[in-house]
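S.K.: Provided below for reference: sequence and predicted model.
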Amino acid sequence: MDTTATTLPSIDLRRVDINPDFWYPIAWSKDLRRGKTIGRRFGRHPVALVRPQDGTVFALEDRCAHRQVPLSKGVVEGEAVKCCYHGWAYGRSGRCIDVPYLGKGKLPNGVKTYPCREAGGLIFIFPGDAEKADAIPLPPLAQVDNPAFKTRHFSPAVGCHYTFMHENLMDMNHQFLHRRQMGQIRARFLGQDEGENFVEARYSFARSGNQQPLAERLIFGKHVDDPNRVQPIEEVVTIRTTYPYQSLKIHDKDGDLIMELFAAYVPSNADGSSCQTFGLLSVLRPKTPLLIDIIWPALGVFTNRIFLEDKAVVEMEQQAWRELGGDHNVEVFPIVNKLRRLLARHGVPHEDAPRSHRA
Amino acid sequence: MDTTATTLPSIDLRRVDINPDFWYPIAWSKDLRRGKTIGRRFGRHPVALVRPQDGTVFALEDRCAHRQVPLSKGVVEGEAVKCCYHGWAYGRSGRCIDVPYLGKGKLPNGVKTYPCREAGGLIFIFPGDAEKADAIPLPPLAQVDNPAFKTRHFSPAVGCHYTFMHENLMDMNHQFLHRRQMGQIRARFLGQDEGENFVEARYSFARSGNQQPLAERLIFGKHVDDPNRVQPIEEVVTIRTTYPYQSLKIHDKDGDLIMELFAAYVPSNADGSSCQTFGLLSVLRPKTPLLIDIIWPALGVFTNRIFLEDKAVVEMEQQAWRELGGDHNVEVFPIVNKLRRLLARHGVPHEDAPRSHRA
Amino acid sequence: MDTTATTLPSIDLRRVDINPDFWYPIAWSKDLRRGKTIGRRFGRHPVALVRPQDGTVFALEDRCAHRQVPLSKGVVEGEAVKCCYHGWAYGRSGRCIDVPYLGKGKLPNGVKTYPCREAGGLIFIFPGDAEKADAIPLPPLAQVDNPAFKTRHFSPAVGCHYTFMHENLMDMNHQFLHRRQMGQIRARFLGQDEGENFVEARYSFARSGNQQPLAERLIFGKHVDDPNRVQPIEEVVTIRTTYPYQSLKIHDKDGDLIMELFAAYVPSNADGSSCQTFGLLSVLRPKTPLLIDIIWPALGVFTNRIFLEDKAVVEMEQQAWRELGGDHNVEVFPIVNKLRRLLARHGVPHEDAPRSHRA
């Protein structure tokens, strides 16, 4: 009855934490209005994002120094956020600048801050060593600033370790999972590339069945359906994990970019069993100006259905990991093994949640 | 305030796992159609049952060898089941027979299989040492094959250790629990029997009150109601645990069998705190041919109400066990103590769930 | 990323159990009718309260000595409670007085009892050393027996350690939390008192804003609203923890008592992360006889809204404690630190729940 006999790797990839010395999106800009604060998480760390009436967003540890309740439940006044409970106030520097019932000379310590930036409709923090933040650039955010493209946001929460998400997208042989949405499409591996901080896989697609869903046709173009012949699709799909982000690009037969996806999978709880996806999907606007607006809703439904299938399967992987007590993955696809080594190499050891202090 | 002072037995019966070297029902035949697969559990082990278009049902470990997602979420094609994720295919032998994107020469290992049989509307697996399976017979399945009886299926999930279920039925003094359903019925212990792999208790019943519920009357026959006299019921009820199954038989005053119950309590999670009951209740068809069909629904309601009371009380026992951190049972009824020793003797030590592997 | 660097106190107040050698309310009298039994909890200990047809309420350990199922699910007959399962009967002494299928000579042991009293509409038990019970008085129950006052009951369950509740009320600087209910009211600390088993803080209140909610006005009296002046409120609010209870009294400018609150926070689960509040709020009846009945519903809504804000914030404190694995409170208000020392000094070490016994 022992199903655990498989040799475990010396490092369990699902116990590797994401490297905090990068910029991570943790909220959409539109979700934080002027004069407001919201609470988000990076792994086990709660983060309060504050957008004053004037000035840029800033990010604080989301626990008042007094009684550890979330500052994001508080009130923004001027450049400060006041804790909801006793009104302790904190500025952009994290310093406690007012305790309403205490003399100014005896103010207590403040709270941790996170470097914070805003770009492409996303709010980023730098959860690691703040001194490194300036030297580390934000990632390229698909074609969000390119007017030739229209960009969709998506941000599903997924109940799995962030590494499952990278593996899911990198291995396009999983088109079998989407057989109901994408018909009898089959990935063909074209080649790969690898560097210190990235791995990349390139695929083309061929169709064996005779039904092409509408939205797929709108994205990939129409194919003459001949059930007896494999239909080559001319586009090339390039998937790349540039640590810690992931991108997917589709180029047409002329080598022009027609679609680009940016995705970040941000751990959202203490034990690493859930993550928050932030995705930007940029699609080239067709020459007929209105067409993109017409297909946009169908594209949304289509990508959402596909994503729900991915979400279901990676959550089953997480569930199996929990039940088996470790990673039993037996990988046969070389690019996925390269990806796994990349994620293990750049990650950091899992930070266990603190145990209760006992008297 | 210490309520745990009672001496614990050297073996905690609720930490004894059921012996896997027996045939256990894990699904009803009608729930698995041709060309389909379903997922079930035996303790902490997930099991995929597969019924090909042709041929008999087979049982595989319900985790793809690749990424451990359930094969029962996949697709049955011919004699094989294909994993829903990347389409790895497994045959009846558990061997991986196809990875769509891999040469046939380098196929990875397959998955564990379980001996599997079908009888009496139930699908059985043999979760233990497969070499022993042929030598171990299926249990007698009440009167499921006897046309003189009509047989009802029931299969409630219960949130308790399987041993509580055996004790519940064996101790007919618990009729007090069913006082609202069965009136003032009182069990009278007639005798017992015991062997290496079974214990048996025999009871008759007497009534002191004056109300006899309809369904009970239909099962046990009509009694002249005299509130001032204890009314002997002539039937003899025999309850027997023949490890690991349980049966209840009712014989009438002439010694003829009029009702027979077969029950198996199959652990359904990793820590042993839940089980799936599979029950077959065979009732002798009365001489008036249509009568059994008329009383059948009332019989169902009646047995279901009784069962819900049993379910509630055994789940309270499990809850107390969890809170107290062990079995504090103080048993005064000898046959139940014999039963407890039988269950402890034939069971196996609890198999703890694996801990997460730490890097 | 380490947010736990703050020096922890040598005793974690949230790991200090409440001292069982006091009388604790665990139910309202009106919830237990004659001839009935109900189940309640004191920490990890389940308690069955029994009110016979004749005689006073008594309290038993809520686990049958036989199979540990709750006696409070049973039936009261005469002066005894019969377990719902096999009908074992227990009297006021906790002794097992009947097992229906066993000779009277061989009755098993009984269950633990708790000294039990009833006063002010509350049922109290003494969970600690029963020999001390007679020497320890019941607490003063606000003005529940004073006809000049009308008394409201309230009993919300709160998901936090009982000590957070004491700190919440004692520190009136938390009026900021109730800014939507109480306007721009500000507490002014007047002084304190301290003894071996109590701490006391006195406050007056001043208002800076210009809106006075109706119910507050009804409680505290009408103030002439001048937004440019701070309005002193003449009443004095006295908050006192007399271990293990808490009270709040409001005296008017003449020194007459106009409102009194009694509160007990009774731990209601094994790990100390929840408690059941029992509160009595006595309000002086105004000279116009009907006025109190008219304002009563508004007073209820008002106090309930305030309480929901308190409940939300103390539950956030408990959540932060769990995530941080200990008490990181940085207290700057001296009376709260005195209170914390009082609670630590009179409490007892946390009693961990028993671990499962392993074979």
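M.R.: Cool, the structure landed. Numbers count the residues shown, from 1 in each chain, chains lettered A, B, ... in the order given.
S.K.: In contact with the nearest residue to residue A:21 once chain neighbours are set aside, which residues?
M.R.: Spatial nearest neighbour of residue A:21, chain neighbours left out: residue A:128 (3.6 Å); criterion: C-beta to C-beta, 6 or more residues apart in numbering or on different chains. Where C-beta positions appear, they are placed from N, C-alpha and C, glycine not excepted. Contacts for residue A:128 (C-beta atoms under 8 Å, 6 or more residues apart in numbering or on different chains) come out as A:19, A:20, A:21, A:22, C:1.
S.K.: Do you know the pLDDT at the last one?
M.R.: What the model reports as pLDDT for residue C:1 is 36.
S.K.: again with the one 3 residues further on
M.R.: Residue C:4 is assigned a predicted lDDT (pLDDT) of 38.
S.K.: quick one: which of the contacts of residue A:128 is nearest residue C:171?
M.R.: Among the contacts of residue A:128, residue C:1 lies closest to residue C:171 (C-beta to C-beta), at 30.4 Å.
S.K.: wait, isn't residue A:101 in contact with residue C:174?
M.R.: No - in this structure residue A:101 lies outside contact range of residue C:174 using C-beta atoms under 8 Å: 10.1 Å.
S.K.: Show me whatever sits in contact with both of the two.
M.R.: Here residue A:101 and residue C:174 share the contacting residues residue A:86, scored by C-beta under 8 Å, 6+ apart.
S.K.: Against residue A:17, how distant is the residue nearest to residue A:21?
M.R.: Distance, residue A:128 to residue A:17, by C-beta to C-beta, to the nearest Å: 11 Å.
S.K.: Kindly report the same for residue A:272.
M.R.: 7 Å.
S.K.: Now for those two: what residues contact both?
M.R.: Shared between the contact lists of residue A:272 and residue A:17 (criterion: C-beta under 8 Å, 6+ apart) are residues A:43, A:350.
S.K.: And those two? Which one has more around it.
M.R.: Neighbour count, other C-beta atoms under 10 Å in any protein chain shown: between residue A:272 and residue A:17, residue A:272 has more, with 22 against 18.
S.K.: Can you tell me the SS state at that one?
M.R.: Three-state assignment for residue A:272 (DSSP: H, G, I helix; E, B strand; the rest coil): coil.
S.K.: so who does it touch?
M.R.: The contact partners of residue A:272, by C-beta under 8 Å, 6+ apart, come to A:14, A:15, A:17, A:43, A:161, A:162, A:350.
S.K.: what about the stretch 1-150 of chain A, any weak spots by pLDDT?
M.R.: A:1-9 (pLDDT under 70).
S.K.: hey, which helix is longest across chain A?
M.R.: The longest helix of chain A (DSSP state H) is helix A:291-324.
S.K.: got the buried residues for that helix?
M.R.: Across helix A:291-324, burial judged by 16 or more other C-beta atoms under 10 Å in any protein chain shown covers A:292, A:295, A:299, A:302-303, A:306-307, A:309-311, A:313-324.
S.K.: rewinding a little: just the contacts of residue A:272: which are in helices?
M.R.: Reading helices off the contacts of residue A:272 with DSSP H, I get residue A:162.
S.K.: Could you tell me which ones among the contacts of residue A:272 also sit near chain B?
M.R.: Restricting these to those near chain B by C-beta under 8 Å from any C-beta of the partner chain leaves A:15, A:350.
S.K.: In TSV, list the contacts of residue A:272 along with distance to chain C.
M.R.: Shown next, in TSV, are the contacts of residue A:272 (distance: C-beta to the nearest C-beta, whole Å):
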residue	distance to chain C
A:14	20
A:15	17
A:17	10
A:43	8
A:161	18
A:162	16
A:350	13
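S.K.: what about stretch A:76-84, how long is it end to end?
M.R.: Taking C-alpha to C-alpha, to the nearest Å, stretch A:76-84 runs 10 Å from one end to the other.
S.K.: how about that stretch, does it reach chain C?
M.R.: Yes - using C-beta under 8 Å from any C-beta, stretch A:76-84 reaches chain C at A:82, A:83, A:84.
S.K.: which residues does the last one contact?
M.R.: By C-beta under 8 Å, 6+ apart, the contact set of residue A:84 is A:69, A:73, A:74, A:75, C:176, C:177, C:313.
S.K.: The first one too?
M.R.: When the contact criterion is C-beta under 8 Å, 6+ apart, the partners of residue A:82 are A:74, A:75, A:76, A:88, A:89, A:90, A:98, C:176.
S.K.: Counting neighbours, what do you get for the fourth one?
M.R.: In this case it means residue A:88. Residue A:88 has 31 nearby residues by other C-beta under 10 Å.
S.K.: partners of residue A:278 in the sheet?
M.R.: Residue A:278 has these beta-bridge partners by DSSP bridges: residue A:264.
S.K.: what's the answer for residue A:98, then?
M.R.: residue A:89.
S.K.: That one contacts residue A:88, doesn't it?
M.R.: Yes - assessed by C-beta under 8 Å, residue A:98 is found in contact with residue A:88 at 7.1 Å.
S.K.: Let me know the closest of the contacts of residue A:128 to residue B:49.
M.R.: Closest to residue B:49 out of the contacts of residue A:128 is residue A:19 (43.3 Å), distances taken as C-beta to C-beta.
S.K.: Would you check that the closest one makes contact with residue A:347?
M.R.: Yes - Residue A:19 lies in contact with residue A:347 (C-beta under 8 Å); the separation is 5.7 Å.
S.K.: Between those two, point out the one with more neighbours.
M.R.: A direct count of neighbours by other C-beta under 10 Å for residue A:19 and residue A:347 places residue A:347 higher, at 20 against 16.
S.K.: Could you dump the residues of stretch A:76-84 next to chain C into TSV with secondary structure added?
M.R.: Below are those laid out as TSV (three-state DSSP):
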residue	secondary structure
A:82	strand
A:83	coil
A:84	coil
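S.K.: if we can go back for a sec, just the closest of the contacts of residue A:84 to chain B, please.
M.R.: Nearest to chain B, judged by C-beta to the nearest C-beta, of these is residue C:313 at 29.8 Å.
S.K.: What sits closest to the closest one if chain neighbours are left out?
M.R.: In space, residue C:313 is closest to residue A:85, 5.3 Å off (C-beta to C-beta, 6+ apart).
S.K.: where's that neighbour relative to residue B:316, distance?
M.R.: 40 Å.
S.K.: Residue A:194 is in contact with residue A:338, isn't it?
M.R.: Yes - in this structure, residue A:194 is within contact of residue A:338 by C-beta under 8 Å, at 5.8 Å.
S.K.: Neighbour count: those two, which is higher?
M.R.: residue A:338 (20 against 14).
S.K.: residue contacts, residue A:247?
M.R.: A:140, A:142, A:238, A:239, A:240, A:260, A:261, A:262, A:263.
S.K.: element containing it, please.
M.R.: Using DSSP states H and E, residue A:247 sits in strand A:245-251.
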